[in-house]
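>>> No letters, just coordinates:
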């Protein structure tokens, strides 16, 4: 869907009431945040790529390509752990992945190869992926 507002308008009446009237995102929270980030990426002319490893819980919401590496992007509705992001960065199997981005309901930080950013920074992802240098942080 190209617009998050249209997506919400298409949901069942009960879901719309939960989200708009009671402000209870419940089970929709993670999916809505991922959709909003995906929408920002599309509008920034970034291709959408999702990864799910067969026979595993390993999955990644999005990827971006910098000049020298593949950057996984994890979207969290809150500021929870990101086991899949950590695995992709740490495993020798994924040699093109050296660092990743986690978009959260929180502040900016960089720890152990994960650049944490507030969700509202999604529109800046092309510049962040292009310009961020983890070795300088």
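Received the coordinates, thanks. The model shown is predicted, which means the values in this text are computed figures rather than measured ones.
>>> switch to C-alpha atoms for all contacts and neighbour counts from now on
Noted.
>>> So what pairs up with residue 51 in the strands?
Listed beta-bridge partners, residue 51: residue 60 (assigned using DSSP bridges).
>>> and it, what pLDDT?
The model reports residue 51 with a pLDDT of 89.
>>> in this protein, which spans are strands?
51-52, 59-60, 62-65, 70-75, 100-104, 109-111, 114-118 (DSSP state E).
>>> Of these, which is nearest residue 39?
Across those, residue 39 has its closest neighbour in strand 62-65 (11.6 Å, CA to CA).
>>> mind listing what's buried in stretch 74-89?
Buried residues in stretch 74-89, defined by neighbour count with 16 or more other CA atoms under 10 Å: 74-77, 79, 84-86, 88-89.
>>> Compute the first-to-last residue distance for that stretch.
Start-to-end span of stretch 74-89 (CA to CA, to the nearest Å) is 12 Å.
>>> centre of the chain versus that stretch, how much separation?
9 Å (CA atoms, centre = their mean, to the nearest Å).
>>> can you redo the strands of the chain as JSON lines with distance to residue 42?
Output for the strands of the chain, formatted as JSON lines (distance: least, CA to CA, whole Å):
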{"stretch": "strand 51-52", "distance to residue 42": "17"}
{"stretch": "strand 59-60", "distance to residue 42": "17"}
{"stretch": "strand 62-65", "distance to residue 42": "11"}
{"stretch": "strand 70-75", "distance to residue 42": "14"}
{"stretch": "strand 100-104", "distance to residue 42": "16"}
{"stretch": "strand 109-111", "distance to residue 42": "25"}
{"stretch": "strand 114-118", "distance to residue 42": "18"}
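>>> what's the residue closest to the geometric middle of the chain?
For the chain, residue 75 is the residue whose C-alpha lies nearest the centre (CA atoms, centre = their mean; 2.9 Å).
>>> If that one is in a bridge, with which residues?
Bridge pairing for residue 75 (DSSP bridges) gives the partners residue 103.
>>> do you know how far it is from residue 136?
For residue 75 relative to residue 136 (CA to CA), the value is 24 Å.
>>> try residue 120
24 Å.
>>> just residue 77 next, same as before
28 Å.
>>> same question, residue 108
Taking CA to CA, one finds residue 108 at 16 Å from residue 136.
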